[in-house]
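S.K.: Provided below are the primary sequence and the corresponding predicted coordinates.
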Amino acid sequence: MSQIDAVINSSVKNLVEFIRQKVQNNIAEANSRGMISLNDGEVDKIVNLVDSSVTQALALGYSDVESAINTLKKEYSLQ
């Protein structure tokens, strides 16, 4: 794995983790403000579903990021 791959992989990982945390925090905040009405068990189930969905989406969609990296490396003769 090249340095370019490592930097982009790290950035994507950080972005996905930020998205995951933001959604989880928004669910908890919406519940505490009364925008939604869920008990703790329901909140946990939704948070777990969101977490699984984000992980699944990353796994299914990351090939596009890899393709973009490879295209740019070829176009700019990068390693």
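M.R.: It's in.
S.K.: what about the longest helix along the chain, distance to the chain center?
M.R.: The residue-count maximum for a helix in the chain (DSSP state H) belongs to helix 40-75. The chain centroid and the centroid of helix 40-75 are separated by 5 Å, computed with C-alpha atoms, centre = their mean, to the nearest Å.
S.K.: same check on stretch 29-36?
M.R.: 23 Å.
S.K.: in that stretch, which residues are buried?
M.R.: By 16 or more other C-beta atoms under 10 Å, the buried positions in stretch 29-36 come out as Asn31. Just so you know, the C-beta spots here come from the backbone N, C-alpha and C atoms, and that holds for glycine as well.
S.K.: and what of stretch 7-14?
M.R.: Buried residues in stretch 7-14, counted by 16+ other C-beta under 10 Å: 8, 12.
S.K.: can you check stretch 36-55 too?
M.R.: So stretch 36-55, judged by 16+ other C-beta under 10 Å, has buried residues 43, 46-47, 50, 54.
S.K.: which among these gets closest to Ser11?
M.R.: Val54 (15.9 Å; C-beta to C-beta).
S.K.: for the residue nearest to the closest one when sequence neighbours are not counted, which residues are in contact?
M.R.: Excluding the flanking residues, the one nearest Val54 by C-beta to C-beta, 6 or more residues apart in numbering is Arg20, at 4.9 Å. The neighbours of Arg20, taking C-beta atoms under 8 Å, 6 or more residues apart in numbering as the test, are 50-51, 54.
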